[in-house]
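K.L.:
how would this look folded up:
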Amino acid sequence: MATYYIDYNAADNSANGTNTSTPWKVHPYMQGWDGTYVHAGGDHFIFKGGVTWPSTCFGMTLNLGGVSAADPDYYGVDAAWYSGASWSRPIFSNSGTSSTTQITFNGDFITVDNIEFTGFYWDAADSGMVISLYLASTAAYITIQNCYFHGWTHAVDASDIYKIIRSDNWPVNDWSQYHYVTDCICNGSDSTGGGDSGCFWYGGGIMTGCTISYCSNGFLACGELAKAIGNDISNIVLGFDATNHPNALEDIAVSGEMHVIGNKIHDLELNCVVYFFGGTTAGADFYIYNNIFWNCAGLPAIEIEGRNADIGKIHILNNTVDATEGTGYCVGVPGGDSATVDELIIQNNHFIATGGADIDTTGLTLTSYTEDHNLLHTSAEATAAGYTSANEYQPTAADSPTVNTGTTQTEFADDILSVARPQGAAWDIGAYEYGSSATPWVMIYG
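P.N.:
Coordinates of the predicted model:
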């Protein structure tokens, strides 16, 4: 393997690219490459910080990859090499004129790190899906980390078909082949309509530590296995396209597992978490714990949408849900929907709702149902006890009503801040465990 340096301000691709004094102008898989390169697994490609590669460089197709998860091909940065007064991300831009997919991944073991993606444009001539990063069905073990996505635009007569990341490799019951999207920022506030379009990630995989805001969809998990861990998802808006409904998190798989753990989901115009169980394969399982939901308008914060299918397990544990801005239900079923659920467990949740209505299971046939150790507050009661959006509903004292009033769980052993449970005589209710200093999320890749 070798390390190569790339600077669009370089004269051409005739240099060897092996140091910062002799960089290439474009990557060998970019449009316009006319140099010499032979791939070796584990090669590193360093893009100069603060430099922009315009739409004429795209798309890139990565047919080859690294050696292993520990030795991937790396497309990223060296924080000591940049243009300008200080380091900033290298920019891959579609220049506001192109719907060309910027990177297509066909190989395995590839990491993209600290790249800024912007300038994507589409109009009515585009159909199907338009995509910035396409993780094709042949690809596995792809990691997208520390990247920044923003500044997309569309024509007024377009449809909302933009998927910033799409992944098509959905191995059944094999977490090891899955893709990771971690510590990325997606912010469409500088996009058309202030973020009236765009889905951050469509497909199966593991999303951790991302901040997603001002788009019409967050994470639409349509693989067999998916996890959303420690993300902040906000300002998901009603888009410009009336045929497309918004969701912060939606699972449209028909089998497998979805884990929603330790996320902050807030300030939404419509759905919060929607589970789509349509299809012919039954038995999808869903584990929802240590999350915080607030300012979620429209449907119930956690929505069980069966579409007349059979669902496996749904475990809703130790969440904090303020549903006073929506229907008033914290957990609910859309009107007219029905499903059979093999096992529904709702425990240790702090529900803040209007009218004393926190859970609505109308339309569900429940083979096994456990609902206990949940705390229901009105908005006034929660505020009086110190639980507000300003402090993200944390307990403020050792005698707060969520402290030491829960029941022991076996599926996890900490809270949203990685504080071990319990800290006192019993588990706390809600996303927080009172009584210990917090440590940040740590994601272990395996």
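K.L.:
As a check, name the ranges of all strands in the stretch 251-400 of the chain.
P.N.:
Assigned strands in the stretch 251-400 of the chain, in chain order: 257-261, 264-268, 273-276, 285-289, 292-296, 302-305, 310-317, 320-322, 331-332, 339-347, 350-352, 364-366, 369-372, 375-377 (criterion: DSSP state E, counting those that start in this stretch).
K.L.:
Of all those, which one is nearest Pro23?
P.N.:
strand 264-268 (40.5 Å; C-beta to C-beta). Heads up, the C-betas are built off the backbone N, CA and C, glycines and all.
K.L.:
quick revisit: where among the strands of the stretch 251-400 of the chain is average confidence lowest?
P.N.:
Mean pLDDT is lowest for strand 273-276 among these, at a mean of 54.
K.L.:
okay if I get the strands of the stretch 251-400 of the chain as TSV plus distance to Ala40 and mean neighbour count?
P.N.:
Shown next, in TSV, are those (distance: least, C-beta to C-beta, whole Å; neighbours: other C-beta atoms under 10 Å):
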stretch	distance to Ala40	mean neighbour count
strand 257-261	36	22
strand 264-268	42	23
strand 273-276	43	25
strand 285-289	41	21
strand 292-296	46	24
strand 302-305	48	25
strand 310-317	45	21
strand 320-322	50	28
strand 331-332	52	26
strand 339-347	50	19
strand 350-352	53	27
strand 364-366	55	16
strand 369-372	55	13
strand 375-377	58	20
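K.L.:
Would you convert these into JSON lines that also reports distance to Ile233?
P.N.:
Formatted as JSON lines, the strands of the stretch 251-400 of the chain follow (distance: least, C-beta to C-beta, whole Å):
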{"stretch": "strand 257-261", "distance to Ile233": "10"}
{"stretch": "strand 264-268", "distance to Ile233": "5"}
{"stretch": "strand 273-276", "distance to Ile233": "9"}
{"stretch": "strand 285-289", "distance to Ile233": "14"}
{"stretch": "strand 292-296", "distance to Ile233": "10"}
{"stretch": "strand 302-305", "distance to Ile233": "14"}
{"stretch": "strand 310-317", "distance to Ile233": "18"}
{"stretch": "strand 320-322", "distance to Ile233": "14"}
{"stretch": "strand 331-332", "distance to Ile233": "18"}
{"stretch": "strand 339-347", "distance to Ile233": "22"}
{"stretch": "strand 350-352", "distance to Ile233": "19"}
{"stretch": "strand 364-366", "distance to Ile233": "26"}
{"stretch": "strand 369-372", "distance to Ile233": "26"}
{"stretch": "strand 375-377", "distance to Ile233": "23"}
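K.L.:
what's the closest of those strands to Val51?
P.N.:
Relative to Val51, the nearest member of those by C-beta to C-beta is strand 264-268, separated by 33.9 Å.
K.L.:
Just checking: what are the partner strands of that closest one?
P.N.:
Partner strands and pairing direction for strand 264-268 (DSSP bridges) are strand 232-236 (parallel), strand 292-296 (parallel).
K.L.:
I'd like those strands written out as TSV, with distance to Thr396 added.
P.N.:
Putting those into TSV (distance: least, C-beta to C-beta, whole Å) gives the following:
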stretch	distance to Thr396
strand 232-236	22
strand 292-296	15
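K.L.:
Out of the ones you listed, flag the one nearest Asp196.
P.N.:
strand 232-236 (10.9 Å).
K.L.:
Return the distance of the closest one from the chain's centre.
P.N.:
10 Å (C-alpha atoms, centre = their mean, to the nearest Å).
K.L.:
in that strand, what counts as buried?
P.N.:
Across strand 232-236, burial judged by 16 or more other C-beta atoms under 10 Å covers 233-236.
K.L.:
what's it in contact with?
P.N.:
Contacts to strand 232-236, defined as C-beta atoms under 8 Å, 6 or more residues apart in numbering, come from residues 189, 195, 210-219, 246-249, 263-271.
K.L.:
7 Å - rerun?
P.N.:
211-218, 246-248, 263-269 (C-beta atoms under 7 Å, 6 or more residues apart in numbering).
K.L.:
Quick one, which of these are buried?
P.N.:
For the contacts of strand 232-236, buried by 16+ other C-beta under 10 Å: 212-218, 246-248, 263-268.
K.L.:
Mind picking out the helix or strand in the protein with the poorest mean pLDDT?
P.N.:
strand 273-276 (a mean of 54; mean pLDDT, DSSP states H and E).
K.L.:
export the buried residues of strand 232-236 to JSON lines and tack on distance to Ile288 and pLDDT?
P.N.:
Formatted as JSON lines, those follow (distance: C-beta to C-beta, whole Å; pLDDT from 0 to 100):
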{"residue": "Ile233", "distance to Ile288": "14", "pLDDT": "95"}
{"residue": "Ser234", "distance to Ile288": "18", "pLDDT": "94"}
{"residue": "Asn235", "distance to Ile288": "21", "pLDDT": "93"}
{"residue": "Ile236", "distance to Ile288": "17", "pLDDT": "90"}
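K.L.:
what about the strands of the stretch 251-400 of the chain, which gets the closest to Tyr141?
P.N.:
Of all the strands of the stretch 251-400 of the chain, strand 257-261 sits nearest to Tyr141, with 19.2 Å by C-beta to C-beta.
K.L.:
and the angle from that closest one to strand 310-317?
P.N.:
20 degrees (axes from the mean of the first three to the mean of the last three C-alpha atoms, to 10 degrees).
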